[in-house]
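# sequence? don't have it. structure:
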């Protein structure tokens, strides 16, 4: 039986592939106030702006590639039962070869009906006003905006509760409810925390190994430590 490795990833791992970090240091996302482009209110106020914003993010995604961090996580499936739970909306984990990826905040390459959140379609082109679902309702980006429920959270909790190892990579642990997932890992589960600027994790019962490095460097170091723990070569 392979040990179960559950990995929570955030913007840091995608940033190393050239994707601009959501809510960068100036509080903006690609020059836009997040309230304009990542809330239901923003959508209702200016649908064209929101569609254009995500069309540009979708096009940008076609220009970047998975990095070494993504690739090592995919390769770890040879020796571990790896589950990726990501806050990222790109498909870089999948393109690197990871087979079990749960997107907490939606996916850029999917759209959904404004009337039925379960009516989800794959979408690689631009999304325009007038692109409708089968019932004649407008399609919107399949992104969980601020103020909306996180439908995948329960599945993420279920996955985390049976982790033999848990890793946090490239996330500030500031965005809830995703940041709260770590509290669902069994208390005996070792935790790896990879971030160049790690913060103190409050109220954690687990043994935490902090790797204060970028995602690509840190994932390589984590792999070495996991192999040592499991006596793998």
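Cool, the structure landed. Because the structure is predicted, anything quoted here is derived from the model rather than measured.

# where along this structure do the helices fall?
11-15, 34-37, 40-45, 47-61, 68-75, 92-96, 153-160, 215-229 (DSSP state H).

# Neighbours of residue 111, how many?
26 (other Cβ atoms under 10 Å). In short, each C-beta sits where N, CA and C put it, glycine included.

# now swap in residue 231 and tell me
Residue 231: 6 neighbours (other Cβ under 10 Å).

# please renumber so the chain begins at 45
Okay, residue one is now 45; in that scheme the one you just asked about reads as residue 275.

# contacting residues for it?
Contacts for residue 275 (Cβ atoms under 8 Å, 6 or more residues apart in numbering) come out as none.

# neighbours of the nearest residue to residue 115 once chain neighbours are set aside, just the number please.
Nearest non-adjacent residue to residue 115, counting by Cβ to Cβ, 6 or more residues apart in numbering: residue 140, 4.9 Å away. For residue 140, the neighbour count with other Cβ under 10 Å is 21.

# what's the longest strand in the protein?
Looking across the chain with DSSP state E, the single longest strand is strand 150-157.

# so for that strand, what's the average pLDDT?
Average pLDDT, strand 150-157: 97.

# again with stretch 228-241
On average, stretch 228-241 scores 94.

# Between the two ends of it, what distance do you get?
End-to-end distance for stretch 228-241, by Cα to Cα, to the nearest Å: 23 Å.

# For it, which outside residues touch it?
Applying Cβ under 8 Å, 6+ apart, the external contacts of stretch 228-241 come out as 50, 56, 201, 204-216, 226, 245, 248-259, 262-263, 265-266, 269, 273.

# Check stretch 84-104 too.
Identification of contacts with stretch 84-104 by Cβ under 8 Å, 6+ apart yields 63-64, 74, 76, 79-81, 133, 152-153, 167-168, 170-173, 182, 184-185, 187, 189, 191-192.

# Out of these, which end up buried?
Those of the contacts of stretch 84-104 that meet the buried threshold are 63, 80-81, 133, 152-153, 167, 171, 182, 184-185, 187, 189, by 16 or more other Cβ atoms under 10 Å.

# From the contact counts, what lies against the longest strand of the chain?
Here strand 150-157 touches helix 91-105, strand 164-166, strand 183-187, going by 3 or more Cβ pairs under 8 Å, 6 or more residues apart in numbering; DSSP states H and E.

# partners of that strand, with directions?
Here strand 150-157 has these sheet partners by DSSP bridges: strand 164-166 (antiparallel), strand 183-187 (antiparallel).

# tilt between it and helix 91-105?
Per axes from the mean of the first three to the mean of the last three Cα atoms, to 10 degrees, the angle that strand 150-157 makes with helix 91-105 is 140 degrees.

# I am finished for the moment; much appreciated.
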